[in-house]
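Novice: Okay, sequence plus prediction incoming.
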Amino acid sequence: MTPRTLFLSDLHLPPGPSPFREGFRRFLEGPARDAEAVYILGDLFEYWIGDDLGMQEYAAEVALLAMLSQQGVKLYFQRGNRDFLVGEDFCALSGMELLRDPAVIELYGTVMVLSHGDLLCTDDTSYQRWRRFAHNPTAQRVFRGLPRAWRERIAQRVRQRSNSGKRYKPEDIMDVNAAAVEAFFKLSGAHRLIHGHTHRPAQHDLAEGKQRIVLADWRPERMEYLAVTREGMYRLTV
């Protein structure tokens, strides 16, 4: 089989039974086993309120990831806006390597920059203010110290406010900013940017041979991942 590397993001796996969790299991037990590496670029989970609780809720997925890692598949995880509290304990148990955002890699002769994508949406100033607060180490430490019920209540309230706020924001504000994209390319020296977050899967061919690849969010009718080989890229479904 041709060597290939798989990318996916925005699965939003809920804590309870779900077709998405079944689809992710099929992915881990099927196409992921034949890959050289798997990159999950954020929002694997609908929400993550700490490794101490999340690894209990998602014990089955953690076990499958660990098994895949033990079989020699390289696993990488980049935090998203829903699971930015994923920590070292989760990565150690699952066998995943935690990536910075953005992260620069070289794959099959091409330099790529990887991101969840929310850092590129700079026109959404209210979200960027929230992101700076949510990524503050002190705020995270205080949150992790709260009882489970409090953390769940806060997470639910944040999701509700986010969903409500999206209804009143112009569509273009929630998409990437062209200057932010160009800055990613300039700082990284990459020719290809792969990200998720916006839920607008596409391939954008830019100037000077650069490409911006937007990963698909998972939906009941289409659970998609991107396969990259030396010969090209392919969007496939579970």
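Specialist: On my side now, so go ahead.
Novice: rest of the way, CA atoms for contacts and neighbours
Specialist: Fine.
Novice: Distance from the chain centre to stretch 89-100, please.
Specialist: 13 Å (C-alpha atoms, centre = their mean, to the nearest Å).
Novice: which residues are in contact with stretch 80-87?
Specialist: 41-51, 79, 116, 118, 131, 135, 140, 197 (C-alpha atoms under 8 Å, 6 or more residues apart in numbering).
Novice: In ChimeraX, select just the buried ones from the residues you listed.
Specialist: Buried residues within those, by 16 or more other C-alpha atoms under 10 Å, are selected in ChimeraX with:
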select :41,42,43,44,45,46,47,48,49,50,51,79,116,118,140,197
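Novice: Of the contacts of stretch 80-87, which belong to strands?
Specialist: Judged by DSSP state E, the subset of the contacts of stretch 80-87 located in strands is empty.
Novice: Out of the contacts of stretch 80-87, name the ones that lie in helices.
Specialist: 51, 131, 140 (DSSP state H).
Novice: how close does the nearest residue to the last one once chain neighbours are set aside sit to Gly117?
Specialist: Closest residue in space to Gln140, ignoring its immediate chain neighbours: Ala134 at 6.8 Å, by C-alpha to C-alpha, 6 or more residues apart in numbering. Separation of Ala134 from Gly117 (C-alpha to C-alpha, to the nearest Å) stands at 16 Å.
Novice: Counting neighbours, go ahead and name the busier of these two.
Specialist: Gly117 (24 against 16; other C-alpha atoms under 10 Å).
Novice: For the chain, just list every one of the strands.
Specialist: 5-8, 37-40, 74-78, 96-99, 103-107, 110-115, 192-195, 202-205, 211-214, 224-228, 233-237.
Novice: Mind naming the longest helix for the protein?
Specialist: helix 148-166.
Novice: still on that earlier bit, in a markdown table: the ones in helices among the contacts of stretch 80-87, plus pLDDT and distance to Leu107.
Specialist: Listed next are these as a markdown table, based on pLDDT from 0 to 100; distance: C-alpha to C-alpha, whole Å:
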| residue | pLDDT | distance to Leu107 |
| --- | --- | --- |
| Asp51 | 96 | 30 |
| Arg131 | 95 | 30 |
| Gln140 | 96 | 33 |
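Novice: Would you mind measuring the gap between the ends of stretch 223-238?
Specialist: 6 Å.
Novice: ok, and for it, which residues are buried?
Specialist: Buried, per 16+ other C-alpha under 10 Å, within stretch 223-238: 223-228.
Novice: repeat for stretch 125-145
Specialist: 127-128, 134, 140, 143-144.
Novice: Stretch 81-95 now?
Specialist: Quick answer for stretch 81-95 (16+ other C-alpha under 10 Å): 81-86, 90-91, 94-95.
Novice: Any idea which residue is closest to the centre of this structure?
Specialist: Gly42 (1.6 Å; C-alpha atoms, centre = their mean).
Novice: To what extent is the closest residue to that one other than its chain neighbours buried, counted in neighbours?
Specialist: Distances taken as C-alpha to C-alpha, 6+ apart place Gly80 nearest to Gly42, at 3.8 Å, with adjacent residues excluded. For Gly80, the neighbour count with other C-alpha under 10 Å is 27.
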